[in-house]
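Student: based on what follows, work out the 3D shape:
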Amino acid sequence: MLADVTEEEQPADAGAIPRILGACVLVGILAGVAVIAFLTVEHGLQALLWETLPDAIGGTPGWWVFGVLVVGAVGVWFALKLPGHGGHRPLDGLGIDIGPKQIGSVAAAALISLSIGAVVGPEAPLMAIGSAVGGFVALRSAAPVRKVLMLAGATAAITMILGNPMVSAVLVLEAAALKGSPGGKKVMLAVLPVLIAMGFGYLIQVGVGDWGGVGQSKLAVPGLPAYETVQPIDLLMAVVVAIVTAILAVIAVEAGTSYQNRIKNPLVGLLVAAVIVATAAVVTRAVTGEDVNVVLFSGQQSTAHVLGLTSVGMLVVIAVAKTIAYTVSLGGGFRGGMVFPAVFLGVVVATALSLLVTGSSVSALCAAGIAASVAAVLRLPFTAVLLALLLCAAAGLAVTTPAIIGAVVGVLFRVVADARLHRDSPSAAKEPTPA
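Tutor: Okay, here's the model as predicted:
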């Protein structure tokens, strides 16, 4: 289904995006309520059939087991006669194209199947329920919008049992892509070698048997306090952190691109960039007393130190200096990646704002800042959230929602920036000819 939402079908009006996102909030809430209702009824029926009634007759004799399953099978058969025919069969895979007209049959068949003890799981019917909720909310919308909301509903619904929004999102998107693509089998076969390579390559880190491997990856933001419960203030501050960080990241990319486009001589471009970076580092040291390394390099080794700073003014100076150095490094001709400096900016902004607002969690804000900056520079929101979760793993999984907020804000700022400049890529300009 995801593959069906082609570029030609997507709404041309950029103003429709906020409305769709707002509708997704409603879809998510309604899907969650519907899932809870379904699971409550299912658990109640299961308890009735396998606890309450058997206790009343002194146990669970064999005839009861046969009777429940046989009668239940008849009930499922009747449910399949209803419009929708019970939805997708288990071996058909996950489906996200169930609408309001079909959900009665799907829910009834699944409810009976799960309650009587059939060896099936609840994920498929829950996704169908979420899909139907999305279809209902978008009943009068155009087909592309309806498909988006149905996908959103399915994702929200399955999150209720998987427990993490990102696991749900990756599952739904992968299933939809493979199911909707004409070359789905080829895509799947292409993915398998990658999985095998990753799995066995990872053994080099973790080891096998008595060999302990070469050690675990150090990809993390050390020193984050535990974050077990989401607080309302953190959701609000996540938006603020994401906005500030996304602005800095977008400025760095846009200004870096502008600088790159203006370079006539690559050597001059590199020299000017080097001077600016050095100046930013030295000035920062003079103003804050911090080592120049806090401005130089990717920032990976400085995140723990930044988290320990207690001066908002010092953090602001570092953020500005790092953004300037980041900008000219991107556009001046140096070679490397964009991600880690973006991560560093997210951590700096998060630390500063957590000091300004009493009661906010630096862990939650770091997740939001990292996701926002990475999404703004890469345009990959899921990757941004997953990276934020990985980097902030020590704080706990409760940072997931702030990270998602950050990624959404970051991508929106990136989309707006691209729309204003009428281009698809910040690096669209040609590289200058070597001197």
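Student: residues contacting the residue nearest to T383 when sequence neighbours are not counted?
Tutor: Counting by C-beta to C-beta, 6 or more residues apart in numbering, T383 lies nearest to V374, which is 7.1 Å off, once chain neighbours are set aside. C-beta here means a position set from N, CA and C on the backbone, and glycine is covered the same way. Taking C-beta atoms under 8 Å, 6 or more residues apart in numbering, we find V374 in contact with 339, 342-343, 346, 380, 383-384, 387-388, 407, 410.
Student: host element of V374?
Tutor: Using DSSP states H and E, V374 falls within helix 362-378.
Student: and L114, how many residues sit next to it?
Tutor: A count of neighbours around L114, defined by other C-beta atoms under 10 Å, yields 21.
Student: quick one: the strands in the stretch 201-350 of the chain?
Tutor: Using DSSP state E, counting those that start in this stretch, the stretch 201-350 of the chain contains no strands.
Student: where does the prediction get shaky in it?
Tutor: Applying pLDDT under 70 to the stretch 201-350 of the chain flags residues 201-219.
Student: from the contacts of V374, pick the one nearest G28.
Tutor: Distance to G28, by C-beta to C-beta, is smallest for A407 among the contacts of V374, at 15.5 Å.
Student: helix, strand, or coil at A157?
Tutor: helix (DSSP: H, G, I helix; E, B strand; the rest coil).
Student: what sits against it?
Tutor: 31-32, 34-35, 126-127, 129-131, 133.
Student: can you pull the phi/psi pair for F334?
Tutor: phi -70, psi 160 (degrees, to the nearest 10).
Student: neighbours of it, how many?
Tutor: For F334, the neighbour count with other C-beta under 10 Å is 13.
Student: can you pull out the helices in the stretch 251-400 of the chain?
Tutor: Counting by DSSP state H, counting those that start in this stretch, the stretch 251-400 of the chain has helices at residues 266-288, 303-307, 312-331, 339-356, 362-378, 381-391, 400-421.
Student: whoops, the stretch 51-200 of the chain was the one
Tutor: 53-56, 62-80, 103-116, 123-137, 143-162, 165-180, 184-206.
Student: distance of the spatially most central residue of the chain relative to V282?
Tutor: Centroid-nearest residue in the chain, with C-alpha atoms, centre = their mean: F382, separated by 3.6 Å. Going from F382 to V282 by C-beta to C-beta, to the nearest Å gives 39 Å.
Student: same question for P100.
Tutor: 64 Å.
Student: just V328 next, same as before
Tutor: Using C-beta to C-beta, V328 is found at 15 Å from V282.
Student: one more: V148?
Tutor: Look at V148 and V282: by C-beta to C-beta, they are 50 Å apart.
Student: just want to know which of these two has more residues nearby.
Tutor: Each of V148 and V282 has its neighbours counted (other C-beta under 10 Å); V148 has more, 25 against 13.
Student: on that earlier part again, same list (the contacts of V374) but as a markdown table, adding neighbour count.
Tutor: What follows is those, written out as a markdown table (neighbours: other C-beta atoms under 10 Å):
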| residue | neighbour count |
| --- | --- |
| V339 | 18 |
| A342 | 30 |
| V343 | 28 |
| G346 | 36 |
| L380 | 16 |
| T383 | 15 |
| A384 | 30 |
| L387 | 23 |
| A388 | 31 |
| A407 | 31 |
| G410 | 35 |
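Student: among these, which one sits closest to I20?
Tutor: I20 lies nearest to A407 out of these, by C-beta to C-beta, at 16.2 Å.
Student: if anything else comes up later, I'll come back, but that's it for now.
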